[in-house]
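> Just need the structure, nothing else, for what follows:
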Amino acid sequence: MPLNFSNYFKKLSIVCLIVLGITNCKKEPVSTEADYFDLFRTEFTGELALETTAYVEQFWRIAGNTGFNNSIDRVVLKLEEFGYTEESKSSQTDRFTYRIEKRPMTRPTWEPVDASLTIIGDSEPLLDFSTNRNMICQYSSSTPSDGITAEIIYIESIEDLQENNVEGKIVFAEMSPYRLYQPALVEGKAAGIITYTNPSYLQPEKNTTSIQFRSIPYVEDHNYWGIALSYGAKQALKMKLSEGEVSLRVNIETKIYNSEELTVIANIKGNTLPNEGLVFSAHVQEPGANDNASGVGAQLEIATLAAKLIKEESLESARTLSFIWGDEIISTRRYVQDSTSNNPEIKWGISLDMVGENTSKTGGSFLIEKMPDPSAVWTRGNDKHSEWGGRPLKLDDMTPHYLNDLIISVFQKQGEFANWDVNTNPFEGGSDHVPFLRGDIPGLLLWHFTDQFYHTDNDRIENVSKETLKNVSIGALVSAFTLVNANVKTAEGIVQLLVDKAEERLTIEYNLSKNAMLAESSIAEELKIMNAWNDWYQKSIISVRDMSNEPSEKLYTAINEAQKSVQQLTDELIDKLNNQTN
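Sure thing, here's the model as predicted:
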């Protein structure tokens, strides 16, 4: 039978096309919010985050000490395992790099080794470092190897020190050791100080063994020391004192030595806009598990997973994604202010601080601390400050930007998906988001509060939740890649989000103002609030332009229409409020 060469070559061409298609096939990286959620929910396990949290939390960490430096080394080890190259050894084509910045410290570092506090006559210590590792005030010196035995004197106020000779004695007070330090140790020549100051949100009568860590100033060539008490130890000591004179034996071993401050900076270089970027920051210092070993761990898995997925071509980053591990506020502030390096321009900053809590054990909720908006001036309705506290801001402190609503929206979606509680609080400060804001960079905080173990020696790994680490990290990853890959289309979507959020907020504020006026608030004050929120959203809508590096008539039109819509609603609601006074 003769061959049909026409059909033969047709079939051969089809086979060749199939083969070529297979060999030249290139995976398209995900690029939509929904796809980001699907990818990260599948790929982020939480295992490295939890493992790292457990490793870091075993150490009492301040900059320069053994625990801090071991934690930094652990981060570097894992970065290298996932393909990050030390910056000085990298080439121009390397996209995953890190560096360790080393700087001299203005004072020595400190670390606790051991301690015990025993009432003379008792067989067991009142406190022991093995179970209360926050009992030694930071920067306390060691006692002699056989300890110090001295009478203890209880005072109710600083004025009591003027009526008592405390030289060579131990002063006990329910106040900050910083407040007691100068009059008792320096001026009164006391042998040492013992204090109790656990705030009520720690539920001290329930958590009777908790000690919130405390500090005294470092003074060269002086052997000052302080002990912080748990509620249970405080009550036991006061009971003994009510029976008569009490003496204590104090044994403290600490290390104070010169060191250097370490900070790790890791980068995933953007493939099209490498000179712009988003920065994550997680501080290493503080001795707890949730605060902030959890931030260190979550950020490490975020950094390593992102690198892995980009290598696999499942993901891409147009802009540079950077990560800071260091000393709280100090390392981030230095990075923000650094004009000598080749750091990308920072467009957004996100702080990861206390992000792993098992809230069924610690209490409170996951929170997004917003950039300063009018809720930090007028905190009312469902807005409320955490127990950590925040001072009222002024309208001049406002930082209108789309970042608040974008990240809140992302996290609310993850919360709904995972049946996970997501809340917000007005700006309070106190963590690594502050340097971003002070540098005029949009930045906010991911955290938890209230936490009944906050800054105490009961902030341990058993109170960390792998599921929480996953939820926070997934929300952070989706937010980050939405931003680093943002373009005109993204910006158009955010404009509509802001219109929806503005309408929601203005309606809430209108109802609050209407009720406030019934309670005799002035119309002038309520109009000031309405106009402040209108101004916030007008300027937030304009800020969307920084998502695109190309001019877009369609985007500018969308922004103008959005502003008109928000203004129209504001005017309508203000008219209703004015009519209420007639």
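> for the stretch 351-500 of the chain, what spans make up the strands?
365-369, 422-425, 443-449 (DSSP state E, counting those that start in this stretch).
> Out of those, which is closest to Gly64?
strand 443-449 (25.0 Å; Cβ to Cβ). Any C-beta I mention is one placed from the backbone N, CA and C, and that applies to glycine too.
> quick one: the closest one to chain centroid distance?
When distances are taken as Cα atoms, centre = their mean, to the nearest Å, strand 443-449 is centred 5 Å away from the chain's centroid.
> Please write out the alpha-carbon positions of it in PDB.
The C-alpha trace of strand 443-449 is given here as PDB (Å, rounded to 0.1, in the frame of the first residue of the first chain):
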ATOM      1  CA  GLY A 443       3.500  51.100  57.400                       C
ATOM      2  CA  LEU A 444       1.300  49.200  59.900                       C
ATOM      3  CA  LEU A 445       1.500  46.500  62.500                       C
ATOM      4  CA  LEU A 446       0.300  42.900  62.700                       C
ATOM      5  CA  TRP A 447       0.000  41.800  66.300                       C
ATOM      6  CA  HIS A 448      -2.200  40.400  69.200                       C
ATOM      7  CA  PHE A 449      -3.600  41.900  72.300                       C
END
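> now what about it, what contacts it?
290, 348-355, 357, 359, 362, 364-371, 386-388, 403-404, 407, 425, 431-437, 472, 475-476 (Cβ atoms under 8 Å, 6 or more residues apart in numbering).
> any idea of the mean pLDDT for it?
For strand 443-449, the mean per-residue pLDDT is 97.
> Just checking: what are the partner strands of that strand?
strand 345-352 (parallel), strand 365-369 (antiparallel) (DSSP bridges).
> and those strands as a markdown table, adding mean pLDDT, distance to Gly381 and mean neighbour count?
Listed next are these as a markdown table, based on pLDDT from 0 to 100; distance: least, Cβ to Cβ, whole Å; neighbours: other Cβ atoms under 10 Å:
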| stretch | mean pLDDT | distance to Gly381 | mean neighbour count |
| --- | --- | --- | --- |
| strand 345-352 | 97 | 26 | 24 |
| strand 365-369 | 98 | 16 | 23 |
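> I'd like those written out as JSON lines, with distance to Tyr257 added.
Listed next are the strands paired with strand 443-449 as JSON lines, based on distance: least, Cβ to Cβ, whole Å:
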{"stretch": "strand 345-352", "distance to Tyr257": "30"}
{"stretch": "strand 365-369", "distance to Tyr257": "36"}
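> Figure out which of these is closest to Ala236.
strand 365-369 (34.0 Å).
> By mean pLDDT, point me to the weakest helix or strand of this structure.
The helix or strand with the lowest mean pLDDT-type score in the chain, counting by mean pLDDT, DSSP states H and E, is helix 5-24 (a mean of 43).
> now for the helix or strand just after that helix, which elements pack on it?
Toward the C-terminus, helix 5-24 is succeeded by helix 33-43 as the next helix or strand (DSSP states H and E). Applying 3 or more Cβ pairs under 8 Å, 6 or more residues apart in numbering; DSSP states H and E, we find helix 33-43 packed against helix 293-311, helix 403-418, helix 466-484.
> what does helix 33-43 rub up against?
Contacts for helix 33-43 (Cβ under 8 Å, 6+ apart): 30, 305, 308-309, 314-315, 410, 413-414, 417, 473-474, 477-478, 481-482.
> hmm, 7 Å instead?
For helix 33-43, contacts defined as Cβ atoms under 7 Å, 6 or more residues apart in numbering pick out Val30, Leu305, Leu309, Ser314, Leu315, Ile474, Leu477, Val478, Phe481, Thr482.
> ok so Leu79 is a strand residue?
No - per DSSP: H, G, I helix; E, B strand; the rest coil, Leu79 lies outside any strand segment and is helix.
> tell me the contacts of it?
Tyr98, Ala266, Ala303, Thr304.
> what would those residues look like in TSV with pLDDT, neighbour count and distance to Lys394?
Converted to TSV, these look like this (pLDDT from 0 to 100; neighbours: other Cβ atoms under 10 Å; distance: Cβ to Cβ, whole Å):
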residue	pLDDT	neighbour count	distance to Lys394
Tyr98	98	20	40
Ala266	98	25	37
Ala303	98	28	37
Thr304	98	23	42
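> any idea which of the residues you listed is closest to Glu526?
Lowest distance from Glu526 to the contacts of Leu79 (Cβ to Cβ) belongs to Ala303, with 46.5 Å.
> residues touching the residue most central in space within the chain, list them.
For the chain, the residue nearest the mean C-alpha position is Asp353 (2.3 Å; Cα atoms, centre = their mean). Contacts here follow Cβ under 7 Å, 6+ apart; on that basis Asp353 touches His283, Asn292, Gly295, Ser431, Asp432, Leu445, Trp447.
> Same question for Leu483.
Leu278, Trp348.
> care to break the protein down by domain?
Listed by automatic domain parsing, the domain ranges of the chain are 48-105+260-453+472-484, 117-257, 488-580.
> chain center to the shortest one, what's the gap?
In other words, domain 488-580. 29 Å.
> if we can go back for a sec, export the helices and strands packed on helix 33-43 as a markdown table, with columns for distance to Tyr537.
Shown next, in a markdown table, are the helices and strands packed on helix 33-43 (distance: least, Cβ to Cβ, whole Å):
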| stretch | distance to Tyr537 |
| --- | --- |
| helix 293-311 | 30 |
| helix 403-418 | 9 |
| helix 466-484 | 19 |
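> between these, which gets nearest to Ala502?
helix 403-418 (8.8 Å).
> Okay, angle between that closest one and strand 365-369 too, please.
160 degrees (axes from the mean of the first three to the mean of the last three Cα atoms, to 10 degrees).
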